[in-house]
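Engineer: starting from these lines, generate the structure:
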Amino acid sequence: MHREHHWSTHRGSTAGFTLMEVVVVVAILALLAGVVVPVFSSVQQDGQASKILAVADTMKKAADKHYADTSRLAIEYSPTAAGAYTTATSHHLSMTQTYANWRGPYLDHPLTRADSPFQNAVYLYQGLNLAQTAGGFNLTGGGTNTHAGNGQTLVFYGVTAAVAQRVDAALDKAIPGAWESTGRVEYSGNSILAIYLMASP
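Structural biologist: Numbering: from 1, shown residues only. Sure thing, here's the model as predicted:
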């Protein structure tokens, strides 16, 4: 006996999304982005500030040791994009010097732009009263510069204000006054971060 099969076709739900569903998904994604992006940005800025602090600590130890050996202040300049500052005359801490009592190298590599989290210039200067520091450092917050003249200042160029503030918070927590112009950290021109390392005794 031949049995006939009847296949019924049931129409399922319509493929695709309704406008309301699309709106809800977009709203959820926007909400997540509003939470995730600031958190990621904050973590990135913390990492950038940590790198600057680590480089500053390394440079201070090297500059202190160099001064103890030679009684001279050092310079250490990252090379420019055009190729300047690549010889020993710009790298007292990392390249062999001929002056008396130099016992380096005091750094494990010459300073480069890669030592900045912003891949920009980093210079160790032989002075505290630079244009970038408005004539010196106000280490007490008392309203006037307490340290000027000879010394070692480490300057990072192209630093964002958010990262500069994190560096300042780490080094100058208890110093009263405007964060940009008091303590060991000074910030100018919306991009130049200067850190006091030492004054010449």
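Engineer: dump the residue contacts of Ala74.
Structural biologist: 62-63, 66-67, 92-93, 106, 124, 126, 152 (C-beta atoms under 8 Å, 6 or more residues apart in numbering). Every C-beta, even on glycine, is put in place using the N, C-alpha and C of the backbone.
Engineer: in the protein, which strand has the most residues?
Structural biologist: Longest strand in the chain, counting residues (DSSP state E): strand 192-199.
Engineer: that strand packs against which elements?
Structural biologist: In terms of contacts (3 or more C-beta pairs under 8 Å, 6 or more residues apart in numbering; DSSP states H and E), strand 192-199 is packed against helix 19-70, strand 151-156, helix 161-171, strand 185-188.
Engineer: any idea what sits nearest Ser116, other than its immediate chain neighbours?
Structural biologist: Val122 (5.0 Å; C-beta to C-beta, 6 or more residues apart in numbering).
Engineer: my guess is the one you found contacts Arg113. True?
Structural biologist: Yes - counting by C-beta atoms under 8 Å, Arg113 is a contact partner of Val122 at 7.0 Å.
Engineer: which of the two has more neighbours?
Structural biologist: A count of neighbours by other C-beta atoms under 10 Å puts Val122 above the other of Val122 and Arg113, at 24 against 16.
Engineer: circling back to that earlier point, list residues touching both of Val122 and Arg113?
Structural biologist: Between them, Val122 and Arg113 share the contacting residues Ser78, judged by C-beta under 8 Å, 6+ apart.
Engineer: is the residue nearest to Ser116 bridged to anything, and to what?
Structural biologist: Phe156 (DSSP bridges).
Engineer: who's in contact with it?
Structural biologist: 55, 78, 111-113, 115-116, 154-157.
Engineer: circling back: make JSON lines out of the helices and strands packed on strand 192-199 and add distance to Thr133.
Structural biologist: As requested, the helices and strands packed on strand 192-199 are exported to JSON lines (distance: least, C-beta to C-beta, whole Å):
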{"stretch": "helix 19-70", "distance to Thr133": "15"}
{"stretch": "strand 151-156", "distance to Thr133": "6"}
{"stretch": "helix 161-171", "distance to Thr133": "13"}
{"stretch": "strand 185-188", "distance to Thr133": "5"}
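Engineer: out of the ones you listed, point me to the one whose mean pLDDT is lowest.
Structural biologist: Ranked by mean pLDDT, the helices and strands packed on strand 192-199 bottom out at helix 19-70, with a mean of 83.
Engineer: separation between the closest residue to Asp172 other than its chain neighbours and Asp168?
Structural biologist: Spatial nearest neighbour of Asp172, excluding adjacent residues (C-beta to C-beta, 6+ apart): Gly183 at 3.1 Å. Between Gly183 and Asp168 the distance is 7 Å, computed by C-beta to C-beta, to the nearest Å.
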